[in-house]
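Colleague: Give me a 3D structure for the following:
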Amino acid sequence: MADLLRLSRMPARERRAAFRALWLLPVAALMIRLVGLRSTWRRLGRLGRRLRPAEISPRRARNLIAGAARRLPPTSCLERSLALWLLLGAQPASLRIGVRRDAHAELDAHAWVEHDGV
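Modeller: Residues are numbered from 1 along each chain as shown. Sure thing, here's the model as predicted:
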């Protein structure tokens, strides 16, 4: 109930972005599992070009994605980063994926979004 109250107090543009975050996360997660990263990237990129960009700051977009992730089944950093990248839309942002081997020669990977070098 507190979530609904908080949502109702948001400005309309933030409320729209919050709803978008709530559907982008499961869509990104499902697509990665069904068609793989390369196809997901291509398809979501086309979708992102058709979506109207969220009119919120990158920091607020990140917070909305994090809030949506807390209310949904667990998601990976890749899924959250894809959703954030799409939510930012036309703002200059880059999806980054880093992979390295840890001390036990196992792969360790992380994904994040950079905006203006941050």
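Colleague: where does the closest residue to residue 58 other than its chain neighbours land on pLDDT?
Modeller: Distances taken as CB to CB, 6 or more residues apart in numbering put residue 115 closest to residue 58, at 4.4 Å, once the chain neighbours are dropped. The C-beta positions use only the backbone N, C-alpha and C, and glycine is treated the same way. You'll see residue 115 listed with a pLDDT of 85.
Colleague: and what of residue 90?
Modeller: The model's pLDDT for residue 90 equals 60.
Colleague: Spatially central residue in this protein, please.
Modeller: By CA atoms, centre = their mean, the chain has its centre lying nearest to residue 83, at 2.1 Å.
Colleague: element containing residue 63?
Modeller: helix 58-71 (DSSP states H and E).
Colleague: on contacts alone, who are the packing partners of that helix?
Modeller: helix 12-50, helix 77-88, strand 107-115 (3 or more CB pairs under 8 Å, 6 or more residues apart in numbering; DSSP states H and E).
Colleague: could you point out where this structure is predicted with low confidence?
Modeller: Within the chain, the stretches with pLDDT under 70 are 1-5, 50-54, 90, 118.
Colleague: phi, psi of the residue of it positioned farthest from its centre?
Modeller: Relative to the centre of the chain, and counting by CA atoms, centre = their mean, the farthest-placed residue is residue 104 at 30.2 Å. Backbone torsions of residue 104, given as degrees, to the nearest 10, read phi -100, psi 20.
Colleague: Over to residue 116?
Modeller: phi 50, psi 40.
Colleague: check contacts around it.
Modeller: Shown in contact with residue 116 (CB atoms under 8 Å, 6 or more residues apart in numbering): 58, 92.
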